[in-house]
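Undergrad: Would you be able to build a 3D model of this:
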Amino acid sequence: MSSFTRAESRKVLIVHADPTMASSLSRILSEAGFDVSVVDPRQGFAEGLLLTTYRPHVVITGYSIGTSTGEPLCSWLLRRTSIPIVGVCDGPETLAGALMLEMGADAYVTTPISPKELVSRINSLLRRCSSSRLRQNGRAEAARQS
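TA: So this is what the prediction gives:
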């Protein structure tokens with residue numbers, strides 16, 4: 001069971017250079033009840049500002065962001081946060097998915113995107129992250145009490 005209640009929004013940040021894909025992802029996730037924010041990396045990505053003001057639970061990025069791959073974003077996120085990353089890869093090509101995982105993504109989906117699969121992957125990541133945080137908090141609390 002997820003630790004998110006209906007009243008608590010699950011925030012997803014979409015960083016994708018293709019406006020059509022970003023819009024499609026946003027629609028799918030909004031319809032599934034997520035609070036979605038979209039950033040076009042070609043307009044500049046103020047990572048720190050956006051992450052500190054929006055505070056997403058999950059970041060979705062494409063295999064190719066603007067003129068570079070998603071690697072700089074994944075690398076930046078991995079150094080500074082524990083936010084799960086989902087990569088979106090063009091076509092059923094498993095190489096693109098493997099590259100996203102190598103760059104630091106926690107999961108990936110391929111196009112054409114199955115809305116059910118995308119939502120399920122995000123929910124799975126949120127459950128795992130929530131469980132991990134609860135275990136870490138429990139260990140920290142036990143250490144304080146001993």
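Undergrad: pLDDT weak spots in the chain?
TA: Across the chain, the ranges flagged by pLDDT under 70 are 1-8, 44-52, 64-70, 92-93, 131-146.
Undergrad: Which parts of it are strands?
TA: For the chain, the strands defined by DSSP state E occupy 11-15, 35-39, 58-62, 64-65, 68-69, 85-89, 107-110.
Undergrad: most centrally placed residue in the protein?
TA: Val59 (2.4 Å; CA atoms, centre = their mean).
Undergrad: Quick check: that residue vs Pro84, distance?
TA: 7 Å (CB to CB, to the nearest Å). In this view, the C-beta of every residue, glycine as well, is placed from N, C-alpha and C.
Undergrad: Likewise for Leu118?
TA: From Leu118 to Pro84 the distance is 13 Å (CB to CB).
Undergrad: One more: Arg55?
TA: 13 Å.
Undergrad: if I look at the two, which residues touch both of them?
TA: By CB atoms under 8 Å, 6 or more residues apart in numbering, Arg55 and Pro84 have no common neighbours.
Undergrad: So which of the two has more stuff around it?
TA: With neighbours defined as other CB atoms under 10 Å, Arg55 and Pro84 compare such that Pro84 has more, 21 against 11.
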